[in-house]
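J.: Show me how the following folds:
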Amino acid sequence: MKQLSALKSTPQLPAHPQPTMRWLLLAGLLLFLLLVHTSRAQAQVVRTVGSGGEYATLAEALQGLSSTDAYEIQLLSGTFTEDVTITGAFPGAAALTIKPGAGSMVVWEGTLKLEDGAVNVTVDGNNGTTARALTLRQPDAARSTVQFADNAQTVVLRDLIIQGSTASAGSGVVVFGTRNRSIQLLGNQIGNVPGAALPANLVYTASTTPATLNEQITLRKNELFNFSATGVQVGSGNGGGWLISENNFYYNQTPAPATAQTAIDFQPGATSDGNTITYNTIGGRNVTASGIWENTGADDFQGIVVSCGTGTGALVNTLSNNVIRNISLTRQNTSQALTALLVEAGRVELTANTISGVANTGSEGVNSLVARGHVVLSDFTVNSGQIMAVERGLLDVQNNLTNSGILNHTGGNMLVQGNFTNNGTFAQTQGDLEVKGDMVNRNIFNCTTGAVKLTGNRDQKVSGGSYFNLEVNGTGTKTLTGGLIVYNGIQMTQGILNTGSFRISLGLLANVVETDASYILGKVEASGRAPEEGKAEDFGNIGLIFTPQTGATLPGYMMVVRTTGTAVTGQIQRYFDLEADVMTDLKASMVIKYLPHEALFLNLGRLEFLRSTDNGGTWTPEGITSRGTNVAELGLVTGLGRWSLGVFDKPLPVTLTAFQVRAEGANAVVTWTTATEVNNHGFGVEVSTDGRTFRTLGFVPAAGRGQQYRFVDTEKQKAGLRYYRLRQQDVNGRSTHTEARTVAFGPLRLALAAYPNPFAGNLDLTVTTPASGVATLRLVDALGRTVWTSTQRVQPGATQLVAAPECQAGTYLLEATLNGQVLRQRVVRR
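T.: Below you'll find the predicted structure:
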């Protein structure tokens with residue numbers, strides 16, 4: 001190595017007077033020599049190689065380099081055939097650069113090897129006017145073109161054409177061995193040697209150990225094309241901090257490949273974090289991904305495969321904004337799969353990746369995403385004709401998941417924190433699906449094992465379909481938008497499941513678990529069960545137990561429909577419709593169980609079994625054998641029909657033959673028909689938004705036997721599901737309620753209604769809101785003074801409140817402040 005001579009100190013002279021000018025000249029000379037020496041140490045030394053240059057070969061030009069000088073090796077036009085190994089460390093201010101000379105076009109055939117502490121080295125293909133003016137080429141199929149063998153750091157390969165033919169599955173055109181760090185491949189074209197066999201891999205990183213890993217590697221804005229196996233392969237055990245960004249992968253050779261291909265196979269393993277694979281384009285026949293990348297083989301094609309780390313925050317592993325398009329697997333009658341994105345293991349966050357224009361004539365189709373690790377998505381859509389597979393780990397969708405293709409859930413768990421919309425086919429054979437938003441199913445939804453969990457702490461919509469297990473564990477009301485069947489069980493932990501105008505059907509093995517605070521509101525059906533003599537049948541624990549006596553006639557297959565939430569006056573808020581092959585001449589015992597809130601305001605000591613054979617038109621008391629806490633038993637049942645528990649007084653004076661409710665625009669039209677009317681004063685029409693608390697809308701006087709009645713609810717701001725029932729009133733004041741009918745309107749909007757108005761004492765309020773909260777009520781007089789305040793909690797939907805303001809007669813403004821919004825209504829106190 002070149003060494004600079006050290007400056008020698010000047011000896012001390014005897015003290016005697018000297019002319020001032022002599023000393024000034026001597027000091028100036030010393031300063032000049034020092035500046036010249038320093039400038040020489042920091043200047044860049046240029047060495048030229050090739051015809052007309054200083055050196056004939058690169059190896060010669062790299063000899064005798066100083067450790068303090070910056071060097072630029074310029075290759076003059078022509079072809080160089082040699083292998084070069086760089087081992088030296090070059091300080092940051094004295095880096096080594098190899099590049100073509102000004103205007104030169106250079107081909108370098110051989111292998112460039114960096115090892116043993118090669119630091120601060122740049123190989124740049126820009127000749128001053130043209131990028132990629134330097135081609136590194138290795139035609140030998142047994143050797144790589146560029147090899148980062150061991151312990152190379154801070155090395156940049158920029159704007160090069162790198163060509164190779166290495167056929168080994170354990171090598172590549174560019175190879176990373178061990179302990180390499182801070183390597184950058186920028187703007188290169190990496191591909192095959194024209195006319196030679198295709199390389200197996202373009203960029204290859206071997207599997208390593210913690211002591212020999214490669215890390216902080218950047219591949220950016222490169223073109224990678226024409227390979228038989230992988231474009232970029234990173235093996236297990238490597239470190240983190242990889243950036244694979246803005247690269248283009250394509251294939252433009254003829255004939256089309258017939259081997260298994262993967263563009264990016266990035267699997268450094270569990271200890272590798274802080275990796276980013278972003279803005280890459282895979283597909284087509286050129287850098288713009290136009291044309292079709294065709295594969296005619298029977299093996300799989302994979303776009304991006306990832307297995308790395310568990311990091312979050314600054315160490316998160318990101319797969320985002322990649323485009324996979326214009327790829328076609330054309331082999332027919334074979335089982336090859338085209339997989340765009342595969343997360344094999346680890347934790348990876350996916351955002352805004354696009355898969356389009358891909359096709360596969362093989363039986364395994366096109367997989368847009370296969371999840372086998374912890375996959376975090378923002379929003380994700382499975383397009384029509386594509387497949388998403390969740391096979392193990394956790395798929396965590398931060399916002400909405402839309403499936404318009406096929407979604408196969410065969411293992412692991414899925415968490416959708418927004419809405420899950422299924423426009424295609426959803427099949428769950430293992431694992432759980434947890435949804436915190438609405439679950440909208442418009443096509444095929446089939447779960448044969450696992451659970452669907454509704455855990456949003458708000459109201460949720462629940463679509464129909466086939467469920468294995470259904471769990472509700474979130475506040476608010478979950479409302480069905482279609483009928484569903486549950487094969488194994490329903491677990492109610494928190495929240496209410498409202499069937500609305502639909503019903504839940506239980507499979508033969510299904511079982512229901514409810515509490516007084518979390519239950520199914522509406523209809524539940526259990527069918528296909530045939531009670532045996534002497535054996536209790538509980539129909540999936542829906543609150544009815546039927547036990548035929550020994551030797552008695554058996555009912556055969558039975559269907560039981562439980563309806564909760566509505567009831568005739570004097571009855572519990574549940575009844576059971578029983579149908580069977582044999583309806584009469586039976587001998588069995590019956591037990592009815594109910595929840596505490598379903599029997600409020602009833603004299604439990606007078607409860608007995610009631611039966612109706614005309615769908616609730618008339619009821620007959622059947623007595624009772626025993627009563628317990630929220631349970632009653634009847635020792636002998638001889639017929640089926642509709643059964644409930646209640647306090648029986650006498651038969652209804654009016655028989656209804658029809659009772660319907662339908663929506664006409666913003667109004668609800670209530671119609672009913674009577675067959676008989678005895679001592680009937682008329683009908684009150686009542687409405688509820690939760691199926692439990694009703695208020696009167698109006699009254700229709702009796703018109704006589706066999707009449708048709710009609711009432712129109714014109715209240716403003718109807719929203720959600722509304723329940724309507726009739727209150728039949730005798731001339732002597734006795735009244736009886738029918739069961740409720742439902743009709744659905746649009747989404748809930750914040751609203752306030754006060755009645756009666758004018759009022760004399762209490763003021764009944766209805767606060768309608770899409771979310772729960774605390775309502776602050778205030779009554780303001782004509783001078784703007786607050787004369788009364790109150791705070792009351794409201795639930796999603798319509799909450800009925802009672803206000804008792806103390807105020808003088810006059811006109812007031814009633815205000816309700818809820819969740820930052822203010823509602824107002826003018827009221828008059830008599």
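
J.: Please state the backbone phi and psi of residue 315?
T.: Backbone torsions of residue 315, given as degrees, to the nearest 10, read phi -100, psi 20.

J.: Tell me how many other residues surround it.
T.: For residue 315, the count of nearby residues is 15 (other CB atoms under 10 Å). For every residue, glycine as well, the C-beta is placed using N, CA and C.

J.: And for the one 10 residues further on?
T.: Close neighbours of residue 325, defined as other CB under 10 Å, add up to 19.

J.: if I look at the residue nearest to the spatial centre of the chain, how far off is residue 346?
T.: In the chain, the residue lying closest to the centroid (CA atoms, centre = their mean) is residue 397, at 1.9 Å. Distance, residue 397 to residue 346, by CB to CB, to the nearest Å: 18 Å.

J.: same question, residue 113
T.: In terms of CB to CB, residue 113 sits 32 Å off from residue 346.

J.: And for residue 757?
T.: 64 Å.

J.: Look at residue 597 and tell me its secondary structure.
T.: What DSSP: H, G, I helix; E, B strand; the rest coil gives for residue 597 is helix.

J.: Tell me the spacing between it and residue 572.
T.: 10 Å.

J.: And residue 483, by the same measure?
T.: From residue 483 to residue 572 the distance is 25 Å (CB to CB).

J.: what about those two, which has more around it?
T.: residue 572 (26 against 16).

J.: what residues does the one helix or strand the more buried one maps to touch?
T.: Element membership of residue 572 [criterion: DSSP states H and E] is strand 571-580. Strand 571-580 has contacts (CB atoms under 8 Å, 6 or more residues apart in numbering) with 543-544, 546, 555-567, 592, 594-595, 597-599, 602, 607, 610, 615-616, 640-647, 692, 739.

J.: Each with direction, which strands does that strand pair with?
T.: strand 558-564 (antiparallel), strand 641-646 (antiparallel) (DSSP bridges).

J.: Can you give the domain ranges for the chain?
T.: What the record gives for the chain is the domain set 530-647, 655-745, 751-829, from the TED database.

J.: Let me see the contact set for residue 349.
T.: So residue 349 contacts 316, 317, 318, 319, 320, 376, 377 (CB under 8 Å, 6+ apart).

J.: Look at residue 471 and give its secondary structure.
T.: Applying three-state DSSP: residue 471 is strand.

J.: Please, where are all the helices along the chain?
T.: 20-42, 58-61 (DSSP state H).

J.: which of those has the lowest average pLDDT?
T.: For the helices of the chain, mean pLDDT drops lowest on helix 20-42, to a mean of 45.

J.: Which strand residues bridge residue 726?
T.: residue 685.

J.: Likewise for residue 722?
T.: residue 743.

J.: isn't it right next to residue 746, touching?
T.: No. With contact defined as CB atoms under 8 Å, residue 722 does not reach residue 746; the gap is 11.3 Å.

J.: so who does residue 151 touch?
T.: 115, 116, 117, 118, 178, 179, 180.

J.: again, 10 Å this time
T.: Listed by CB atoms under 10 Å, 6 or more residues apart in numbering, the contact partners of residue 151 are 87, 89, 114-119, 177-181, 212.

J.: sorry, back to before: can you turn the buried part of the contacts of strand 571-580 into a PyMOL selection?
T.: Filtering the contacts of strand 571-580 down to the buried ones (16 or more other CB atoms under 10 Å) takes a single PyMOL command:
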select buried, resi 543+544+546+555+558+559+560+561+562+563+564+565+566+567+592+594+595+598+599+602+607+610+616+640+641+642+643+644+645+646+647+692+739
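
J.: Just to check, residue 819 is in contact with residue 770?
T.: Yes. The pair residue 819 and residue 770 passes the contact test of CB atoms under 10 Å, sitting 9.3 Å apart.

J.: neighbour-wise, which of these two wins?
T.: residue 770 (16 against 13).

J.: so where is the protein shaky, pLDDT-wise?
T.: Applying pLDDT under 70 to the chain picks out residues 1-43, 649-653, 705, 748.

J.: List the buried residues for the longest strand belonging to it?
T.: For the chain, the strand with the greatest residue count under DSSP state E is strand 484-506. Of the residues in strand 484-506, 484-492, 494-500, 502-506 count as buried by neighbour count, 16+ other CB under 10 Å.

J.: Show me which of the contacts of residue 151 is closest to residue 139.
T.: Within the contacts of residue 151, proximity to residue 139 (CB to CB) peaks at residue 114, which comes in at 20.7 Å.

J.: Residue 720 and residue 798, how far apart?
T.: Counting by CB to CB, the gap from residue 720 to residue 798 is 8 Å.

J.: burial count for residue 267?
T.: 21.

J.: Relative to residue 362, how far out is the residue lying closest to residue 256 once chain neighbours are set aside?
T.: Distance criterion CB to CB, 6 or more residues apart in numbering; nearest residue to residue 256, sequence neighbours excluded, is residue 294 at 4.2 Å. Distance from residue 294 to residue 362, counting by CB to CB: 13 Å.

J.: quick revisit: restricted to strands, list the contacts of residue 349.
T.: 318, 319, 320, 376, 377.
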